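Novice: dropping a prediction and its sequence here:
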Amino acid sequence: MECDDYMNDTEYIHNEPYDTELPSFKQKDRGYNRVYRKRIRTSDGKLVNMPVDVYSSGDVGSRIRNAETGQYYDFAVGSKKENLFFKVSLATGECTSLNGSHTLFYLSPNHYMSHLDAYLEPSEQIAWWDKYNKLPKENIPKQRREW
């Protein structure tokens, strides 16, 4: 049996409609932002501006959103449950999302540093983990329980 009727991996990865429709779909997302960070390009080792997709959460009362994945949680911005997340305000002027917010929520300081190539003093990381470890464990988001 020949498999010529099926797409090969190259055709699937470089599917033109998908490559153009996904970015336009993201741009309609009220919390979507594309920011740029200097990173080393693996192909030639040069330091270049690379795009990083981030998702901001809305105003007080809206659902918290994971800045890396865009996933919504059943916790409200401004509630006590907000302390389950590492909160960052990206006040660089780069966030131009339709929801008008530049507040980002991460599962931990490590996720923030990895996602945006940021640096935090170890004392800041320890302070957040100390605060986090004092919180009731039944409130922990499912992703963190799976670690």
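Specialist: Looks like it came in fine. Residues are numbered from 1 along each chain as shown.
Novice: what pLDDT does Asn133 get?
Specialist: pLDDT, Asn133: 90.
Novice: what's the answer for Pro109, then?
Specialist: The model's pLDDT for Pro109 equals 96.
Novice: OK, contacts around it?
Specialist: Going by CB atoms under 8 Å, 6 or more residues apart in numbering, Pro109 touches Phe86, Leu120, Glu124, Gln125, Trp128, Trp129. Using the backbone N, CA and C atoms, a C-beta is placed for each residue, glycine as well.
Novice: just the CA atoms of the host helix or strand of the last one, as CSV, please.
Specialist: Yep, that's Trp129 we're talking about. Using DSSP states H and E, Trp129 sits within helix 122-133. Output of helix 122-133 as CSV, limited to C-alpha atoms (Å, rounded to 0.1, in the frame of the first residue of the first chain):
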residue,chain,number,x,y,z
PRO,A,122,17.8,34.9,44.7
SER,A,123,16.4,36.8,47.7
GLU,A,124,13.4,37.8,45.7
GLN,A,125,12.8,34.2,44.6
ILE,A,126,13.2,32.9,48.2
ALA,A,127,10.8,35.5,49.5
TRP,A,128,8.1,34.5,47.0
TRP,A,129,8.6,30.7,47.7
ASP,A,130,8.4,31.4,51.5
LYS,A,131,5.1,33.2,51.0
TYR,A,132,3.8,30.6,48.7
ASN,A,133,4.7,27.7,51.0
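Novice: what is it packed up against?
Specialist: Contact here means 3 or more CB pairs under 8 Å, 6 or more residues apart in numbering; DSSP states H and E; on that basis helix 122-133 packs against helix 109-116.
Novice: which of the contacts of Pro109 sit farthest apart?
Specialist: Greatest spacing in the contacts of Pro109, by CB to CB: Leu120 and Trp129 (11.3 Å).
Novice: coming back round to it: can you put the contacts of Pro109 in a markdown table and add distance to Ile40 and neighbour count?
Specialist: Formatted as a markdown table, the contacts of Pro109 follow (distance: CB to CB, whole Å; neighbours: other CB atoms under 10 Å):
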| residue | distance to Ile40 | neighbour count |
| --- | --- | --- |
| Phe86 | 25 | 22 |
| Leu120 | 20 | 16 |
| Glu124 | 25 | 12 |
| Gln125 | 24 | 16 |
| Trp128 | 28 | 18 |
| Trp129 | 29 | 14 |
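Novice: how about the helices in this structure?
Specialist: Along the chain, counting by DSSP state H, helices occupy 9-13, 16-27, 109-116, 122-133, 142-145.
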